[in-house]
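Trainee: Sequence and predicted model, in that order:
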Number of protein chains: 2
Amino acid sequence: MASIKDVAAEAGVSVATVSRVLNDHPSVSADARTRVLAAVETLGYRPNAVARSLRTDQTHTLGLVISDVMNPYFTELARSVEEEARALGYSVIIGNADERPDLQDHHVRTLLDRRIDGLLVSPTDGGSPLMLDAARAGTPMVFVDRWIPGVDVPVVRSDGRAAVRDLVAHLHGLGHRRLAIIAGPAATTTGRERVEAFREALAAYGLDLPDAYIGQGDFQAESGRLVTEGFLDLAEPPEVVFAADNLMALGALDAVRARGLRVPDDLALAAFDDIRWFVHTDPPVTAIAQPTGELGRAAVRALVDRIEGRPGQSVTLPARLVVRRSCGEHPTPVQRSTT
Amino acid sequence: MASIKDVAAEAGVSVATVSRVLNDHPSVSADARTRVLAAVETLGYRPNAVARSLRTDQTHTLGLVISDVMNPYFTELARSVEEEARALGYSVIIGNADERPDLQDHHVRTLLDRRIDGLLVSPTDGGSPLMLDAARAGTPMVFVDRWIPGVDVPVVRSDGRAAVRDLVAHLHGLGHRRLAIIAGPAATTTGRERVEAFREALAAYGLDLPDAYIGQGDFQAESGRLVTEGFLDLAEPPEVVFAADNLMALGALDAVRARGLRVPDDLALAAFDDIRWFVHTDPPVTAIAQPTGELGRAAVRALVDRIEGRPGQSVTLPARLVVRRSCGEHPTPVQRSTT
DNA sequence: CTGAAAGCGCTTACAG
DNA sequence: CTGAAAGCGCTTACAG
C-alpha cells in the first residue's frame, strides 16, 4: 500500500507538501497541488487513518454501546446515530452489550483503547467503575435512552411519563380496572421509570398497582412470556398488561396465544416502544412511540459538541401514545394518535 | 492519558521492558514484570491501540459491510459475526449500506483507510471498482450471503434451492397453481437466484412463471407492498405470493390487509428468511429459514483464516422450509419443518 | 510557498 | 534479561 513517501517521490515534492495538499492547507502552490493530486491518483493513494490518528490524537470516531442490537428500537437508534455522525464527519463503532454488564465493559474498554473521540452509551446497569472513571477522566460521553444518575454526563432520552398517563387514561376509558406491568430491570433508569410513571398514572384514577401485577422482566422476549404466564395463572388475572418494551410485548403475545386466548378479548396488551412490526401483528399493538431517530441525532450532536469543546446539552423529548387495536379499542380504519 | 513512557518511569525500567511484559514476551525477569504490572495498575495504564496498530500493521479489526441493518436477518448476522470475531480476538466495525451502492462504497473506503485486517461484505450491487480493486490488491475478504461472481473471494452463504423446491411442493400439495414472486434486485445474487430456483421448481410441476407474476422489489418493505398491490389488481391474481425476503413479505401483508383481504384465504404468502416476528403475525408466516448464526460464524472463520495465512474456505449451508399457517395449511398446534 | 525535523505511542531486531 | 535506537505513516511548528 502506497504511503505518503511514495506520493512525495512520485510528485517530486516533500512529504510535508503532500500532507498540506491532502489537508487543504492554503499555502501550497497551484503547481505543487496538481502534481501531488496526480501522484495520488496514479498511485491510488489513501492516507493511513491509523497514522493520522496517532499524530493528531483524534480518530473522528464515536463509540456507541447499546444494550441489545436485536431490539428493533436500538437498531433504529444505531442507524440514526450513524447517519448523523456521518453527516458531521464521524464514523461510529457499535458495541452490543446484549444486556450484559460484562460485555458492556468489554466494549467500553476496547473503544477506549482505540481512542475513540467520544462515547455514546445506553447503560445496561448502574454503571461500571470503568465507565465512571472514563467519564471522570474527561472522555467526552453522553447517555442515550438509559442513563446513570449522579454522573456529570449529558442525557438524551425521551420522557414517557405523559404518554404513560395518556395510556392509562385510554385504558381507563375503555373500562379496564385491573392493570399490570411487565417491568424492565430495576438497575436501568428506563426499567424503574416506566413502573413509576405507570403507578402514578394509576393513582390519579384511584387505582392501585399491587405487587402481583408487577412482573419482573429483563427487556428480552422470554421474560415477557414468563411474566405473562404468571399473570394468567393468578386467581384474578389483570385485564391489561403493559410491557415496558417491545420484546417483552412479543413474549406476552406468545404466552396469550399459547393458551389459545386472544388479545384483546382475554387480555389486553400495550407496549412501550413502537416498532414497525406492531402494525402487522394481530391485533395491531397499541404502543408508546419514542422519537427514536431524533434521539439518535440529538445524542450525536450533544457528543460532538462536547468533543469539539462546546457545552453539549441534555435533551428530553416527549413520547406519544399510538392507539391501535390491542386494548379493545373500537375498530377504526385509520390509525389514531393522541397528540 | 498515561503512556508507556509513564509506566516505564514509574516502574524504573525501559519502555522496551514494559512492552515486553505487556506482550507476554518470555525474556523478562520476574522482578521487572511485577514492577511493571504494579505501575500499570497504579497509573491505570491502557496501551494505545492506535500506536500499536501503526507499528505492527495489524488492527485486529474486521470490517462488516451489510446491505441493511434494519433487516432482522442482517441484524442477526451482524450479531453472530461480532460474537465469533470476539471469540477469535477481533473487533468488528459495521458499515450499513442501506441497499445503496454509494453508501457501500463510503464504508468500504473508510474501513480500508482504517486498515482493518479483513473485510466481510454482503454486496448491494454487482461490485464497485473500489471493492474489486481491494480484493485484487490482496485485502483479505469474504462475501457473506450475497456475492460477486468472477472474483477470487470465498463465499459463505446458504443455498435456498432445495428449500424453494420444498416450498413449491408444499404449495402444490395444498392445491395452489398460480404462484407469484416478489423478487429482489437483479444486481444481487440472492435477488437473481431466488427467482431462478422458484421458476425451476415450478417447472418440475409443469407450472409456468409468467412475467406478470414476477414483481420487481428491492428487498425493502415498501416495494413488497407495491408489488402485491399490482398482483391483486391483475385480472387473474395469483393464489400465492412468495416474497424473496422478510421485509417485502411484511409489505405484502400490509397490502393484503389494507384491502380488507385475508391471508391465506384471499392470498397465500410465503417468505424467504425466517424471523422471530413471523411467529407472531396473523397468520404465522410460512418461511424459508437460513442458518443465519452459522453463516456469520463460518464467514468470520473463513476471513480470519485468510488474514492469518490459512486458505479460507467457501461454505454453503442448506436453508430449510418452516411450515406455518400463511399458505392455507391445516391448523396444527405444533410447528412443523420439512427436514 | 517549501522542506527538514521532531514527535505521536508503540514494537522489535540488535547489542550487550 | 535489558536498553538504546530505529521506524510505522502521518502532521506541524520552525526556518528559510
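Mentor: Sure, I can see it.
Trainee: any weak-confidence spans in chain A?
Mentor: For chain A, residues meeting the criterion pLDDT under 70 lie at A:331-339.
Trainee: mind running it again at 90?
Mentor: Counting by pLDDT under 90, the ranges of chain A that qualify are A:1, A:27, A:99, A:125-129, A:137, A:150, A:276-277, A:279-283, A:311-312, A:330-339.
Trainee: Could you tell me which residues of it lie near DNA strand D?
Mentor: Residues of chain A found near DNA strand D (Cβ under 7 Å from any atom of the strand) are A:1, A:3-5, A:15-16, A:18-20, A:22-23, A:45, A:47-48, A:51-52, A:54-56. The C-beta positions use only the backbone N, C-alpha and C, and glycine is treated the same way.
Trainee: got the contact list for the closest residue to DNA strand D within chain A?
Mentor: Relative to DNA strand D, the nearest point of chain A is residue A:4 (2.7 Å; Cβ to the nearest atom of the strand). When contacts are counted by Cβ atoms under 8 Å, 6 or more residues apart in numbering or on different chains, residue A:4 is found next to A:15, A:18-19, A:22, A:45, A:47.
Trainee: Near DNA strand C, list only the ones from those residues.
Mentor: By Cβ under 7 Å from any atom of the strand, the members of those lying near DNA strand C are residue A:15.
Trainee: out of the contacts of residue A:4, which is most surrounded?
Mentor: residue A:18 (28 neighbours; other Cβ atoms under 10 Å in any protein chain shown).
Trainee: Alpha carbons of the strand or helix carrying it, as CSV, please.
Mentor: According to DSSP states H and E, residue A:18 maps onto helix A:15-22. Extracted C-alpha coordinates of helix A:15-22, given in CSV (Å, rounded to 0.1, in the frame of the first residue of the first chain):
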residue,chain,number,x,y,z
VAL,A,15,6.0,14.7,2.3
ALA,A,16,5.2,18.0,4.1
THR,A,17,3.8,19.4,0.9
VAL,A,18,1.8,16.2,0.2
SER,A,19,0.3,16.4,3.6
ARG,A,20,-0.6,20.1,3.0
VAL,A,21,-2.5,19.5,-0.1
LEU,A,22,-4.2,16.5,1.4
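Trainee: Around chain B, which positions in the stretch 151-300 of chain A sit nearby?
Mentor: Residues of the stretch 151-300 of chain A lying near chain B by Cβ under 8 Å from any Cβ of the partner chain: A:221, A:250, A:253-254, A:257, A:276-277, A:279-282.
Trainee: what's whatever residue of chain A ends up closest to chain B in contact with, if anything?
Mentor: Chain B sits closest to residue A:282 of chain A, with a gap of 3.0 Å, by Cβ to the nearest Cβ. Going by Cβ under 8 Å, 6+ apart, residue A:282 touches B:281-282.
Trainee: Please apply the same query to residue A:127.
Mentor: Neighbour list for residue A:127: A:148, A:151 [criterion: Cβ under 8 Å, 6+ apart].
Trainee: now it: how far from residue A:148?
Mentor: 4 Å (Cβ to Cβ, to the nearest Å).
Trainee: Mutual contacts of these two, please.
Mentor: By Cβ under 8 Å, 6+ apart, residue A:127 and residue A:148 have no common neighbours.
Trainee: interface residues of chain A facing DNA strand C?
Mentor: A:13-17, A:20, A:26-29, A:31-32, A:51, A:54-55, A:57.
Trainee: which one of those residues is nearest residue B:198?
Mentor: residue A:51 (50.4 Å; Cβ to Cβ).
Trainee: Show the subsequent helix or strand relative to the helix or strand hosting that closest one.
Mentor: Element membership for residue A:51 (DSSP H and E) is helix A:49-56. Using DSSP H and E, the next helix or strand after helix A:49-56 towards the C-terminus is strand A:61-66.
Trainee: State the next helix or strand along the chain beyond that next one.
Mentor: Downstream of strand A:61-66, the first helix or strand assigned by DSSP H and E is helix A:72-87.
Trainee: on contacts alone, who are the packing partners of that following helix?
Mentor: Judged by 3 or more Cβ pairs under 8 Å, 6 or more residues apart in numbering or on different chains; DSSP states H and E, the packing partners of helix A:72-87 are strand A:61-66, strand A:91-96, helix A:292-307.
Trainee: Adjacent strands (with direction) for the helix or strand that comes right after the longest one?
Mentor: Note on helix A:292-307: by DSSP H and E, the next helix or strand toward the C-terminus is strand A:315-318. Strand A:315-318 has the following sheet partners, assigned by DSSP bridges: strand A:155-159 (parallel).
Trainee: quick one: the strand it pairs with to chain centroid distance?
Mentor: 10 Å (Cα atoms, centre = their mean, to the nearest Å).
Trainee: relative to helix A:292-307, how tilted is that strand?
Mentor: Here strand A:155-159 points in a direction 160 degrees away from that of helix A:292-307 (axes from the mean of the first three to the mean of the last three Cα atoms, to 10 degrees).
Trainee: Please identify the buried residues of strand A:155-159?
Mentor: By 16 or more other Cβ atoms under 10 Å in any protein chain shown, the buried positions in strand A:155-159 come out as A:155-158.
Trainee: can you list those residues in JSON lines and add distance to residue B:120?
Mentor: Shown next, in JSON lines, are these (distance: Cβ to Cβ, whole Å):
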{"residue": "A:155", "distance to residue B:120": "34"}
{"residue": "A:156", "distance to residue B:120": "31"}
{"residue": "A:157", "distance to residue B:120": "33"}
{"residue": "A:158", "distance to residue B:120": "34"}
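Trainee: right, and out of those, which lies closest to residue A:308?
Mentor: For those, the nearest to residue A:308 is residue A:156 (16.8 Å; Cβ to Cβ).
Trainee: and the nearest residue to the closest one once chain neighbours are set aside, how many residues sit next to it?
Mentor: Distances taken as Cβ to Cβ, 6 or more residues apart in numbering or on different chains place residue A:299 nearest to residue A:156, at 4.1 Å, with adjacent residues excluded. Using other Cβ under 10 Å, residue A:299 has 29 neighbouring residues.
Trainee: Is it correct that residue A:299 is in contact with residue A:155?
Mentor: No. Look at residue A:299 against residue A:155 with Cβ atoms under 8 Å: they stay out of range, at 9.1 Å.
Trainee: Pull up the overlap in contacts between the two.
Mentor: A:142, A:144, A:315.
Trainee: on that earlier part again, could you check the angle strand A:91-96 makes with the helix holding residue A:51?
Mentor: When the same axes, to 10 degrees is applied, the directions of helix A:49-56 and strand A:91-96 differ by 100 degrees.
Trainee: re the thing from before, pull the residues that contact the helix holding residue A:18.
Mentor: So helix A:15-22 is contacted by A:4-5, A:7-8, A:11, A:25, A:27-28, A:32-33, A:36-37, A:39-40, A:47 (Cβ under 8 Å, 6+ apart).
Trainee: same deal with stretch A:144-157?
Mentor: The contact list for stretch A:144-157, computed with Cβ under 8 Å, 6+ apart, reads A:67, A:74, A:77, A:81, A:120-124, A:126-127, A:131-132, A:135, A:141-143, A:158, A:188-190, A:295-296, A:298-299, A:302, A:306, A:312-317.
Trainee: just the buried members of these?
Mentor: The neighbour-count test (16+ other Cβ under 10 Å) marks A:67, A:74, A:77, A:81, A:120-124, A:127, A:131-132, A:135, A:141-143, A:158, A:188-190, A:295-296, A:298-299, A:302, A:306, A:312, A:315 as buried among the contacts of stretch A:144-157.
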